[in-house]
Structures are given as structure tokens and as C-alpha cells.
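Peer 1: Let me see the structure of the following:
(one chain, ligands or ions: 1)
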Amino acid sequence: MSGKRVIVVGGGLIGLSIARALTERGIEDVLVLERHSLASGGTGKSSGIVRAHYGVPSIAAMAWRGVPLFEKLGATVGFRQVGYSVIVGEENEAALRANIAAQQALGIEAEMVDVDRFAPMWPMMNVDDVSAVAYEPRGGYADATQLALYFGQVARDKGARVRQNTAVARLLTEGEKVTGVELASGEVLQADAVIVAAGWWSAKLLADVGVDFPVEGYRSELLIVDAGLPLVDLPVVSDLVSLQYCRIEGTGQFLVGNSDHDEPENRFVDPDHYSNLASEASIEKYAEKVMHRFPGFPDPSITHSYAGVYDVPPDWNPVIAPVGPAGLVLAAGFAGHGFKISPAVGDLVADLLLEGDSTDADIPAADFRLERFAEGRPLTSLHPYVGAGEMR
Ligand SMILES: Cc1cc2nc3c(=O)[nH]c(=O)nc-3n(C[C@H](O)[C@H](O)[C@H](O)COP(=O)(O)OP(=O)(O)OC[C@H]3O[C@@H](n4cnc5c(N)ncnc54)[C@H](O)[C@@H]3O)c2cc1C
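Peer 2: Numbering: from 1, shown residues only. Now for the predicted structure:
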């Protein structure tokens with residue numbers, strides 16, 4: 001395989017991590033094609049949260065595999081190891097305990113902590129309605145664009161080529177095999193394998209070769225809040241009571257994301273055409289939640305808002321698998337979780353191409369097959385949270 005030509009469509013975190021993994025494993029002829037500039041898709045909007053708290057064991061294992069890389073790269077990718085916490089109400093206490101036990105069984109460093117012990121770790125937080133907390137000391141946040149560019153640099157150093165402003169118009173096949181791609185310019189590029197890592201846009205390329213990839217563009221709004229004092233080194237919070245997630249921004253401000261995924265169809269958009277600002281109604285709702293959870297902020301105000309789009313398959317989990325004609329692999333549908341697992345996704349795709357299967361027993365390739373949707377066997381959390389199923 002090492003002499004084979006591989007084309008990767010999409011220069012986001014996933015495509016670049018795949019290029020990195022392939023070149024690290026000795027495949028030199030790797031070409032990444034990106035229609036705009038690197039990290040200009042979902043990657044550029046990512047909140048960059050690092051945590052292994054997932055109810056799907058293979059996803060938790062993937063996230064955990066990435067932690068040593070974040071620790072090794074540190075400031076190169078803006079990693080701040082401030083810890084990660086999940087706070088829940090009574091209705092989710094049992095699920096939280098079960099998830100932590102399952103994660104510990106995978107070797108993940110996570111634990112339940114008493115609310116009283118947690119409260120001083122986040123001095124301005126109201127914990128009156130919090131009945132249980134889990135804490136991951138090796139979690140935190142980093143910068144998704146920096147990580148994507150790091151993957152791209154490693155791949156280039158090992159021989160990969162990257163072409164930006166180069167849109168793929170269609171996949172080319174001969175008989176039952178993929179043979180390359182045709183660019184929007186009309187140029188034809190031959191390859192022995194093509195990996196489609198083009199997020200939501202993957203569906204269109206696949207449809208042309210008869211592969212149905214069900215995926216929606218899900219608009220997600222974010223607020224940047226000035227607390228009235230600079231915030232420093234406080235843990236990331238997944239607040240499953242108010243359904244929001246929060247972390248410090250490097251500037252000392254506060255980033256707040258929405259975790260209320262009720263009625264998702266109301267947020268489905270075309271990722272090429274969507275509003276990049278939170279609506280007035282959303283801002284009002286999110287501000288109320290922030291005030292409720294963080295009454296200790298001395299003089300809170302909203303600095304600005306923006307929005308990004310998740311690529312969401314029916315079970316909110318990715319497809320990372322061979323699809324359609326021989327030599328074609330899909331890696332998309334990361335639904336707001338692809339940042340932290342991107343190192344492991346690259347390694348899994350390299351395994352699929354070089355070994356034909358995952359080499360990591362905790363990350364079975366079968367979990368990520370496309371056929372699971374048609375078979376009615378979605379990949380779901382073992383211990384889902386009431387009101388926050390997509391937390392997984
Ligand atoms: C608002 C937001 C917050 C998030 N927060 C987190 C978080 O805290 N933690 C976490 O783990 N994950 C998070 N995520 C998810 C994570 O950022 C994404 O899963 C990940 O960045 C997706 O990477 P990707 O490479 O699959 O997709 P993208 O970054 O979208 O890359 C796909 C690329 O393909 C290119 N492309 C499309 N069509 C073509 C074509 N025809 N030819 C050539 N190129 C093409 C696009 O231009 C794009 O650059 C978040 C995502 C968003 C939107």
C-alpha cells in the first residue's frame with residue numbers, strides 16, 4: 001500500500017489528521033484537496049473542548065487516545081489543561097455514575113466528586129440544583145485551527161501535498177472501483193484510494209456514486225460573555241441541568257454553547273448559507289441560563305455571538321468506513337465532537353486502509369459502518385442522559 005496514491009477530500013481537522021496518519025505509516029503519495037482554505041469548515045468554528053466523557057465506549061476510547069497528544073503539543077495547539085466537569089440534576093445522577101464506571105473500565109481518568117468538593121473549584125457557580133458532578137482532570141480545551149494546521153504540517157513534512165482553493169466536483173469510478181476525482185476546474189486526478197472527509201458536503205459527492213449518507217447541517221449558536229473580571233484557569237463545564245457548556249476563552253472571557261438539542265429539525269440549515277449571529281430570542285435564553293448558573297460574575301455582559309454548523313447523522317455519531325466502490329472511504333458526520341477524537345480518527349482510517357480493520361480493541365471499526373442506519377442499528381450511548389441524549 002505504501003506506493004499507492006491516496007486523495008483526501010477536505011482540509012479540515014479530519015482530512016488533515018488522516019493525511020498525517022497515512023504519511024506517518026509510510027504512505028507518501030497523499031494529496032489533500034480543499035475547496036477553500038484549510039480549517040475553513042466546521043473546524044474553524046470549533047469550541048475545541050477536550051474530554052473523554054462519552055456514553056458510546058468506542059468514542060470515549062477515541063477521545064482518551066487523543067489526550068497524550070494534546071499534553072505533548074501544549075501551547076502549539078493552545079491546549080489548556082484546566083480539567084473538565086459534568087454537572088447533573090437528580091434525574092441524571094444514575095446515568096452519570098454508570099458512564100463514569102464505564103469510562104474507568106476503559107482506563108479513562110475520570111471520577112465522581114462531591115458537589116461540596118467541586119463548588120470551590122468554580123467559585124462563582126451556583127450549585128443549588130446540582131446533585132452530582134464528574135471530573136476529568138486531564139480535560140480542557142485547545143484551538144481546533146491550530147491542531148488542523150499542525151496535522152497538515154506533519155503530513156507535508158512527510159511528503160503529503162495540500163492544494164487549497166481546489167474543489168472536487170465528483171468522484172470517478174470504473175466498474176466497482178474508485179479511480180480518482182474530477183476537480184471543479186475539469187482537471188482529473190487519479191488515485192488508488194479516495195477518502196472523503198468533507199463534513200456535511202460529503203453527502204453530495206457520495207450521492208453521485210450511488211451512496212446514501214444521511215446527514216443534516218445543524219446550526220449551533222455561541223456567546224462570548226465578559227464576566228466583569230478576567231476568568232483564569234477554571235474547568236470546562238458541561239451543564240446538563242441548564243443544557244449549556246462553558247469554558248474560558250484565552251482572553252479571560254467566557255464561551256457559552258448550547259446543549260439543548262430539542263427539536264433539532266428547527267436548526268437544520270445549509271452550511272453554505274446560514275446566519276453567523278445568535279438570534280435575539282436565543283441570546284435572551286442563553287443569558288438567563290448564564291445568570292442562573294454563574295450569579296457570582298460581578299458585571300456580566302455579552303461581547304458577541306456567532307454560529308457554526310455540525311454535520312449530524314441520524315444517531316449523531318460519525319461514519320468512518322469503506323463505502324460504495326472499492327477504494328472509497330468516508331470519514332464524516334462528527335456532529336460537534338470531531339475535534340477531540342480527530343487524532344484517533346486519522347489512526348483508524350490508516351488502520352482501515354493498511355490493515356483492513358481497527359488495530360485498537362476498544363475502537364471496533366464495526367461501530368462506524370454506514371450500513372447501521374439502513375439496518376436500524378444506530379450507535380447510541382449505553383447510559384443516555386435525560387434531556388441531553390446527544391451528549392452521548
Ligand atoms: C460550533 C462548533 C463547536 C464545536 N465544538 C467542538 C468541541 O468543543 N469539541 C469537539 O470535539 N468538537 C467540536 N466541534 C466539532 C468539530 O469541530 C468538528 O467535528 C470537526 O472540526 C470536523 O472536521 P471535518 O474535517 O470533518 O469537517 P470540516 O472542518 O467541515 O472540513 C471539511 C472540509 O471539506 C471541505 N470541502 C467540502 N466539500 C469539498 C469539495 N467538494 N472539495 C474539496 N473540499 C471540500 C470544506 O471546505 C471543509 O474545509 C464543534 C463544531 C462546531 C461547528
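
Peer 1: Can you pull the phi/psi pair for whatever residue of the stretch 51-200 of the chain ends up closest to the ligand?
Peer 2: In the stretch 51-200 of the chain, the residue found nearest to the ligand is residue 199; the distance is 3.2 Å by Cβ to the nearest ligand atom. Heads up, the C-betas are built off the backbone N, CA and C, glycines and all. When read as degrees, to the nearest 10, the backbone of residue 199 gives phi 50, psi -140.

Peer 1: Equivalent analysis for residue 60, please.
Peer 2: The phi/psi pair for residue 60 (degrees, to the nearest 10) is phi -60, psi -40.

Peer 1: just to revisit the earlier point, ok now do the residue of the stretch 51-200 of the chain closest to the ligand, which residues does it touch?
Peer 2: Counting by Cβ atoms under 8 Å, 6 or more residues apart in numbering, residue 199 touches 10, 12, 14, 41-42, 271, 311, 332, 334.

Peer 1: Looking at strand pairing, list the partners for the residue nearest to it when sequence neighbours are not counted.
Peer 2: Among residues not flanking residue 199 along the chain, residue 311 sits closest, at 4.5 Å (Cβ to Cβ, 6 or more residues apart in numbering). Residue 311 has these beta-bridge partners by DSSP bridges: residue 217.

Peer 1: So residue 311 sits against residue 42, correct?
Peer 2: Yes: under the criterion of Cβ atoms under 8 Å, residue 311 makes contact with residue 42 at 6.6 Å.

Peer 1: which neighbours do these two share?
Peer 2: 199-200, 271, 334.

Peer 1: Could you tell me which of those count as buried?
Peer 2: With burial judged by 16 or more other Cβ atoms under 10 Å, the buried subset of the shared contacts of residue 311 and residue 42 is 199-200, 271, 334.

Peer 1: now for these, which pair is the farthest apart?
Peer 2: 271 and 334 (13.1 Å; Cβ to Cβ).

Peer 1: Would you mind measuring from residue 190 to residue 326?
Peer 2: Residue 190 sits 15 Å away from residue 326, going by Cβ to Cβ, to the nearest Å.

Peer 1: Adding pLDDT and secondary structure, write the buried ones among the shared contacts of residue 311 and residue 42 out as a markdown table.
Peer 2: Shown next, in a markdown table, are those (pLDDT from 0 to 100; DSSP: H, G, I helix; E, B strand; the rest coil):
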| residue | pLDDT | secondary structure |
| --- | --- | --- |
| 199 | 98 | helix |
| 200 | 98 | helix |
| 271 | 95 | coil |
| 334 | 98 | coil |
